[in-house]
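**Q** fold the stuff below for me.
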Amino acid sequence: MLNFMKGSVFSRKQAEPVPEEPVQDVQVLAVWGSSGSGKTTVSVRLAKYLADQKKNVALLLCDMTTPMLPCICPPGDLECERSLGSILAATHVTDLLIKQNCVTNKKLDYLTIIGMLKGENVFTYPPYSQELAAELIDRLRDVAPYIIVDCGSAIAHDILSAVSLLEADSVLRLVNCDLKSVSYLSSQLPLLKDQKWDADKQYRVASNIKINQAGEHIESVLGNAAFKLPHSDELENLALAGNLLGELTLKDSRGFRKEIARLAKEVFGV
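**A** Okay, the predicted model is just below:
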């Protein structure tokens, strides 16, 4: 388990043996797209799916304009309050520093979360460099075998999200079936191409597809999509309640759950 507090050297319980994870092609997955495309929803649900399969997963929430940590589960479900800002304010990132600033969830032993706290913003902490952001992604590889990065949309100003896209082993590129998403990508993709971004490492995902958006229409707007995540009222209600880590049980969400499972199998082999 990845619960660092429970695995503390001060624990009276004997630590459980942790089976070694098999070597995998993708360890760091960045989830990216336009504002409102469902990046956080997909990141959180994918992280929960892996945690439910007893896979140690770290979820990095990059958004410093709208901290998402207070939005994904009730405050009472978190075992502590620690901030991503404390990591990025350091001179260098170490494994211990990351573990000291991870937030664990009382209901999901295999999940740890790193993000900004409610009320914080980019000016709460000193500015950080591109090198430090790259150090964080690199060090995370030592902390968890599965890492999901919920990137922000404003990559021209968001260093951590931009670096995550460049350093990730694979990228989920989320697109809604609307002109806003298409316009966003046509504007932002050239920024990454200038950085020699590996376009072959990405999966194109049609997100939050509603009933009136027929398959032919999606293909004409988005082109070929590796995954198509249908809209779910049950999932939307969890998001509105600030409990994206809650359980999905209704028939309404069955299509979304099946596609998340397919995505985890394709990307992580889980």
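
**Q** hang on, Ala133 in a strand?
**A** No. Assessed with DSSP: H, G, I helix; E, B strand; the rest coil, Ala133 is helix; it does not lie in a strand.

**Q** how about the residue nearest to it when sequence neighbours are not counted, secondary structure?
**A** Spatial nearest neighbour of Ala133, chain neighbours left out: Val163 (4.0 Å); criterion: C-beta to C-beta, 6 or more residues apart in numbering. For the C-beta atoms, the positions are set from N, CA and C on the backbone; glycine is no exception. What three-state DSSP gives for Val163 is helix.

**Q** how near is Val163 to Arg204?
**A** 22 Å (C-beta to C-beta, to the nearest Å).

**Q** more neighbours: the two, which one.
**A** Set Val163 next to Arg204 and count neighbours by other C-beta atoms under 10 Å: Val163 wins out with 25 against 16.

**Q** now the closest residue to Arg262 other than its chain neighbours, which residues is it bridged with?
**A** Excluding the flanking residues, the one nearest Arg262 by C-beta to C-beta, 6+ apart is Phe227, at 6.9 Å. Bridge pairing for Phe227 (DSSP bridges) gives the partners Val205.

**Q** quick check, Phe227 in contact with Lys265.
**A** No. Counting by C-beta atoms under 8 Å, Lys265 is not a contact partner of Phe227; they are 11.0 Å apart.

**Q** more neighbours: which of the two?
**A** Under the criterion of other C-beta under 10 Å, the comparison of Phe227 against Lys265 puts Phe227 first, with 18 against 10.

**Q** Three-state assignment for Tyr110, please.
**A** Tyr110 is classified as strand under three-state DSSP.

**Q** count the residues that sit near it.
**A** Tyr110: 21 neighbours (other C-beta under 10 Å).

**Q** for the remainder of this discussion, apply numbering that starts at 25.
**A** Shifting the count to begin at 25 puts that one at Tyr134.

**Q** excluding chain neighbours, what is closest to it?
**A** Ala75 is the one closest to Tyr134 (C-beta to C-beta, 6+ apart), at 4.1 Å.

**Q** ok, now Ser177?
**A** Ser177's closest residue in space is Ser59 (C-beta to C-beta, 6+ apart), at 4.6 Å.

**Q** so where do the helices sit in this protein?
**A** Ranges of helices in the chain, per DSSP state H, are 63-76, 93-96, 108-112, 119-124, 154-167, 183-191, 203-217, 239-246, 257-264, 278-292.

**Q** helices and strands around the fourth one, which ones?
**A** Contacts of helix 119-124 with other secondary structure elements, assessed using 3 or more C-beta pairs under 8 Å, 6 or more residues apart in numbering; DSSP states H and E, are made with helix 108-112, helix 154-167.

**Q** same thing with the fifth one?
**A** The contact analysis (3+ C-beta pairs under 8 Å, 6+ apart) places helix 154-167 against strand 52-57, strand 81-85, helix 108-112, helix 119-124, strand 170-174, helix 183-191.

**Q** pLDDT value on Asp49, please?
**A** At Asp49, the model reports a pLDDT of 82.

**Q** just give me the neighbour total for it.
**A** Asp49 has 9 neighbouring residues, counting by other C-beta under 10 Å.

**Q** need the contact list for Glu258.
**A** Leu272, Thr273, Leu274, Asp276, Ser277 (C-beta atoms under 8 Å, 6 or more residues apart in numbering).

**Q** only the buried subset of those, as a ChimeraX command please.
**A** Per 16 or more other C-beta atoms under 10 Å, the buried members of the contacts of Glu258 correspond to this ChimeraX selection:
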select :272,276,277
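
**Q** what's the closest of the contacts of Glu258 to Pro150?
**A** Leu272 (39.8 Å; C-beta to C-beta).
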